[in-house]
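Student: make a model of this:
(one chain, ligands or ions: 2)
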Amino acid sequence: MTPNYDARIRRAEYLSSTYPFAAEILAFYRRICVIQQKLSKELHDALDRQSRWPAAAGTLREQMDLELVLPFVKQALSDVVPASPEPLALYIKEFLRGSPERWAASLERYVTQANANGTPEDSREELLARILIDPYAELLAAKQSVLPSAAGNLCPLCEGRPVTGVLRIEGDGGKRFLLCAFCGTEWEFRRIYCAFCGESREQSLPVFVAEKFPHIRVEACDTCRHCIRSVDLTKDGHAIPVVDDLAAIPLALWAEEYGYQRIQGNLLGT
Ligand SMILES: [Zn+2]
Ligand SMILES: [Zn+2]
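Tutor: Residues are numbered from 1 along each chain as shown. Ligands and ions are numbered 1, 2, ... in the order given. Below is the predicted model of the structure:
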């Protein structure tokens, strides 16, 4: 699937009018989308120009060449500054004063950490890496013509963890997919199954739905105490999982209250 930034931008605008409490987060996300859209085009051109589209060998992370991203770091992150909250803006300015070697090391850390679970050392550093790397990872993922068949809980292309689940209509019913936090690939996954530890007893897998978000389910697991949000496209066919998930701030409060940890946090930690 080719990333469609225009659709994400429109969805963020629509959701900020529906959920005013998420308007600030969504405005920041919208700005990030505009920057990523530009970056995606630049990376696409650079890959074409240098004939650097990798052969589909190794995992998607191994195919990445961070040298390709470095020339765009300064402009892209400078563009994030005006939309950032003050502490983040200061952090970005400080980051940009560093050397390209430091930028590369930072991106490298994010790319190689794969399915590491838990809180990153510095969430701001990870945010910057995600802004810069997401478009590249999605471009490479979109180029893979044949998806390896997968039933595991890690992305078949890059071994990343899922950021959300997605329920889609297929045939007579709904099918569940997991959406990779790193490269945006979706792969099919069993419906009643913990996406972290593989628990399959229904009584250990509580589901929570908030009135405000009838199309998003929090699927929790009492065995490993992880949870994931699944965006139910059978209930709202206009939803875009990465965007709707960002707006669902109250669901984070529910998970926190009951002590469930997200399998993988989203871009802005909502
Ligand atoms: Zn992936
Ligand atoms: Zn579990």
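
Student: would you map the strands across the stretch 101-250 of the chain?
Tutor: 162-170, 173-180, 186-188, 207-209, 216-220, 226-232 (DSSP state E, counting those that start in this stretch).

Student: could I get those strands as TSV with mean pLDDT, mean neighbour count and distance to Arg201?
Tutor: Bear in mind the C-beta positions are built from the backbone N, C-alpha and C, glycine included. Listed next are those as TSV, based on pLDDT from 0 to 100; neighbours: other C-beta atoms under 10 Å; distance: least, C-beta to C-beta, whole Å:
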stretch	mean pLDDT	mean neighbour count	distance to Arg201
strand 162-170	93	20	18
strand 173-180	90	19	17
strand 186-188	91	19	21
strand 207-209	95	14	14
strand 216-220	97	23	13
strand 226-232	97	25	15
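
Student: how about those, which one is nearest Glu13?
Tutor: Glu13 lies closest, by C-beta to C-beta, to one member of the strands of the stretch 101-250 of the chain: strand 226-232, at 17.9 Å.

Student: so Gly174 touches Asp232, yeah?
Tutor: Yes. In this structure Gly174 lies within contact range of Asp232 using C-beta atoms under 8 Å: 7.5 Å.

Student: joint contacts of those two?
Tutor: Leu167 (C-beta atoms under 8 Å, 6 or more residues apart in numbering).

Student: looking at the strands of the stretch 101-250 of the chain, which is closest to ligand 2?
Tutor: strand 226-232 (5.3 Å; C-beta to the ion).

Student: domain parsing for this structure?
Tutor: 5-143, 162-262 (automatic domain parsing).

Student: figure out which of these is closest to ligand 2.
Tutor: Nearest to ligand 2, of these and by C-beta to the ion, is domain 162-262 at 3.0 Å.

Student: that closest one spans what distance, first to last residue?
Tutor: One end of domain 162-262 sits 10 Å from the other (C-alpha to C-alpha, to the nearest Å).

Student: understood, closing this out.
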